[in-house]
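Visitor: build me a model from this:
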Amino acid sequence: MNKDLEKLFKEDQADRMAIGSSGDFSVVEKKDVERKNTIKRMLKEGTVITGKDFYIAAMIFHHGQLLADYKTAIKLSEQSIKKGYQKAKWLHAAGTDRLLIKQGKKQKFGTQFFKKSAKSKWALAPIKKGMTDEERARFNVPPLAELKAQVERMNKAGINKG
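Guide: Now for the predicted structure:
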């Protein structure tokens with residue numbers, strides 16, 4: 001596994017945890033751009049090799065803000081899956097859902113939750129009809145009933161961020 005990628009992933013996760021309930025992503029977004037540029041360079045150099053490498057690269061693009069970021073996350077997660085990294089299946093589903101939502105469409109799998117404001121309750125973003133729990137399971141996504149229960153637990157616990 002690429003140690004530079006692992007370091008980028010740890011930084012990515014730490015930045016998100018540091019935001020806390022403020023929801024101020026402005027500083028993190030600048031760092032995200034730097035991380036994505038580093039990943040692009042690594043991809044060109046051919047140093048993203050293993051399934052876990054592609055998973056980490058996909059996760060960093062998944063945390064982007066642009067349609068192109070989500071599309072890249074999906075492609076990278078597909079590479080990770082092809083290399084046998086099972087955690088990438090959920091990331092593929094989540095990237096697909098984020099892309100659809102960013103396009104103003106309903107999500108497919110049900111991986112995305114939202115709050116309209118800091119004081120509002122969590123809700124599951126609208127889901128396009130037709131997705132079965134069996135198909136969700138193929139991508140390591142819990143059944144719809146469990147996703148709805150998760151929203152209830154988040155609201156009951158007073159969780160401020162996703």
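Visitor: from now on I want contacts and neighbour counts done on CA atoms only, so please keep to that.
Guide: Noted.
Visitor: could you pick out the longest helix of the protein?
Guide: Among the elements of the chain assigned as helix by DSSP state H, the one spanning the most residues is helix 26-45.
Visitor: show me where the protein has helices.
Guide: Along the chain, counting by DSSP H, helices occupy 3-19, 26-45, 51-62, 67-82, 88-102, 133-138, 144-157.
Visitor: weakest of the ones you listed by average pLDDT?
Guide: When those are compared on average pLDDT, helix 3-19 comes out lowest at a mean of 86.
Visitor: packing partners for that helix?
Guide: Applying 3 or more CA pairs under 8 Å, 6 or more residues apart in numbering; DSSP states H and E, one finds that helix 3-19 makes contact with helix 26-45, helix 51-62.
Visitor: okay, these in a markdown table with distance to N140 and mean neighbour count next?
Guide: Compiled in a markdown table, the helices and strands packed on helix 3-19 are given as follows (distance: least, CA to CA, whole Å; neighbours: other CA atoms under 10 Å):
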| stretch | distance to N140 | mean neighbour count |
| --- | --- | --- |
| helix 26-45 | 25 | 15 |
| helix 51-62 | 14 | 27 |
